[in-house]
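1. 3D, please:
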Amino acid sequence: MGLIDLKALLEKYKAGTCTPEELRALEEWYEAWRHPDAGHVQWKPDEELAQELLQDFREMRRSKEAMFRTGAGNTWWKAAAVALPIIGIGALLWISRPSVKEPAPGPVLAVVPANPDSKRFILLPDSSTVVLREGSTLIYPNVFKGGAREVTLTGEGYFDIKEQPGKPFRIRSGKLITTVLGTAFNIKAYPGQPSVTVTVTRGKVKIEEGGSNKLLGILEPDQQIVYENETAATKPVKAVETMAWVKKGMNFNSVPFEEIARKIGEQYQVKIGFSNDALRQCRIHATFEGTETLDKILYILCTVGNSTYTVRNNEVTIHGEGCMKE
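-> I've put the predicted structure just below:
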């Protein structure tokens, strides 16, 4: 999640309109940002203030824990305890943000609303791709450093990982760690659900228990592992059926260009507009897997729609006189 997205989410938090999923995402982002293993945040003059805010969070959480230690079911204090430092850090990030030419430092948070059929496409720093399902979050570094690439998933996501010799890719999801070198697979690990499921479509992955590093299994294509109650079971599956949600909503059969632009804009987090209103109602026939890059999708749509596109400041403009006659 970029700084502008973070600011918008923080505004919702301050207004008390955050959904439980958004609140959880903010808390997870905060935890990852302050974690000693997280990448160094180069705020320079403001770094000391950031550290003070982190300390405020720890002290406030301890005081709230002491205050409500004897109460049953008092979980609201967790949200209250995180409010001041998150709002403070949000303001710090917004006011002291780097030049737009510089990448945003530290961990990045991607959030998908819990709306039915909502999805988000993410291009990771190593050119790997992720499609997140509704109600899911992904925390990943702005730049992968060191010998391993690591992200944290809450919810469900389809990963297509670029191979980098000597740099394994690890996904933390619930109590599991999934390690790959170059493959495509699906992970389902929603909070509140007793199981974590990993399904492989291509390549090979290693599944370990997070706390003990116990090896639970090695998965190959069309295999699935279900981890529940500290027990793992592997079985054969049709992976294409398990990942049907990725492709859902990406079959456009005579759909107005404007409606397709809205759908693609939401999934790829860009604003898509038209230089000529005559293009908006042109009907498009196109089918996608849901894992294509934005450039590939725009190229296909514009080829079908007899148009071109330009990208500037994360905004796409489609140009043309009209679609080809059917």
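
2. what about R280, neighbour count?
-> By the criterion of other CB atoms under 10 Å, R280 has 14 neighbours. Backbone N, C-alpha and C define where each C-beta goes, glycine included.

3. pull up the gap between it and K248, please.
-> Distance, R280 to K248, using CB to CB, to the nearest Å: 24 Å.

4. so what's G211 up against?
-> Counting by CB atoms under 8 Å, 6 or more residues apart in numbering, G211 touches K175.

5. go again with 6 Å.
-> Going by CB atoms under 6 Å, 6 or more residues apart in numbering, G211 touches no other residue.

6. i'd like the first residue to be 7 from this point on
-> Got it, first residue is 7 now, which makes that one G217.

7. quick check, it in a helix?
-> No. Applying DSSP: H, G, I helix; E, B strand; the rest coil, one finds G217 to be coil, outside a helix.

8. for it, give me the pLDDT.
-> We have a pLDDT of 82 for G217.

9. one more: the one 3 residues further on?
-> For K220, the model assigns a pLDDT of 90.

10. so what's the residue count around the residue nearest to it when sequence neighbours are not counted?
-> In space, and not counting its chain neighbours, K220 is closest to E214: 6.4 Å by CB to CB, 6 or more residues apart in numbering. For E214, the neighbour count with other CB under 10 Å is 18.

11. so E214 makes contact with I183?
-> Yes. Checked against CB atoms under 6 Å, the pair E214 and I183 is within contact range at 4.7 Å.

12. for I270, helix, strand, or coil?
-> From three-state DSSP, the assignment for I270 is helix.

13. grab the nearest non-local neighbour of it.
-> Nearest to I270 is I303, by CB to CB, 6+ apart, at 6.0 Å.

14. what packs against the helix or strand that contains the one you found?
-> Per DSSP states H and E, I303 falls inside helix 300-310. Applying 3 or more CB pairs under 6 Å, 6 or more residues apart in numbering; DSSP states H and E, we find helix 300-310 packed against strand 289-293, strand 314-318.

15. try 8 Å
-> Under the contact criterion of 3 or more CB pairs under 8 Å, 6 or more residues apart in numbering; DSSP states H and E, helix 300-310 touches helix 263-274, strand 289-293, strand 314-318.

16. of those, which is nearest N192?
-> helix 263-274 (17.0 Å; CB to CB).

17. what residues of the closest one count as buried?
-> The neighbour-count check on helix 263-274 (16 or more other CB atoms under 10 Å) flags F263, E264, I266, A267, K269, I270, G271, E272, Q273, Y274 as buried.

18. show me where the stretch 57-206 of the chain has its strands.
-> 113-117, 125-129, 135-139, 143-147, 155-166, 175-179, 182-186, 190-195, 201-208 (DSSP state E, counting those that start in this stretch).

19. quick one: which of those is nearest N259?
-> Closest of the strands of the stretch 57-206 of the chain to N259 is strand 125-129, at 18.9 Å (criterion: CB to CB).

20. CA atoms only for that closest one, dumped as CSV, please.
-> The C-alpha coordinates for strand 125-129 follow below in CSV (Å, rounded to 0.1, in the frame of the first residue of the first chain):
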residue,chain,number,x,y,z
LYS,A,125,-9.3,-8.8,-6.1
ARG,A,126,-6.0,-7.0,-6.4
PHE,A,127,-3.0,-7.6,-8.6
ILE,A,128,0.4,-6.9,-7.1
LEU,A,129,3.8,-6.7,-8.9
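
21. residues in contact with it?
-> Defining contact as CB under 8 Å, 6+ apart, one finds that strand 125-129 is touched by 116-118, 135-140, 144, 146, 251-252, 255, 272-275, 296-297, 299-300.

22. any buried residues in it, and which?
-> Neighbour-count burial for strand 125-129 [16+ other CB under 10 Å]: K125, R126, F127, I128.

23. what pairs with it, parallel or antiparallel?
-> Strand 125-129 pairs in its sheet with strand 135-139 (antiparallel), by DSSP bridges.

24. what does the average pLDDT come to for the strand it pairs with?
-> Computed over strand 135-139, the average pLDDT equals 94.

25. go on, stretch 291-302?
-> 92.

26. quick one: contacts of it?
-> Defining contact as CB under 8 Å, 6+ apart, one finds that stretch 291-302 is touched by 125, 127, 129, 135, 137, 164, 166, 252-260, 266, 270, 274, 276, 303, 306-307, 310.

27. only the buried subset of these, as a PyMOL command please.
-> The PyMOL command for the buried members of these (criterion: 16+ other CB under 10 Å) is given here:
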select buried, resi 125+127+135+137+164+166+252+253+256+258+266+270+274+303+307+310
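
28. which residue, other than its chain neighbours, is closest to S201?
-> S201 sits nearest to E234 (CB to CB, 6+ apart), 3.9 Å away.

29. ok, the one you found touching A195?
-> No. Counting by CB atoms under 8 Å, A195 is not a contact partner of E234; they are 11.3 Å apart.

30. out of those two, which sits in the busier spot?
-> Neighbours were tallied for E234 and for A195 using other CB under 10 Å; the higher tally belongs to A195 (24 against 13).
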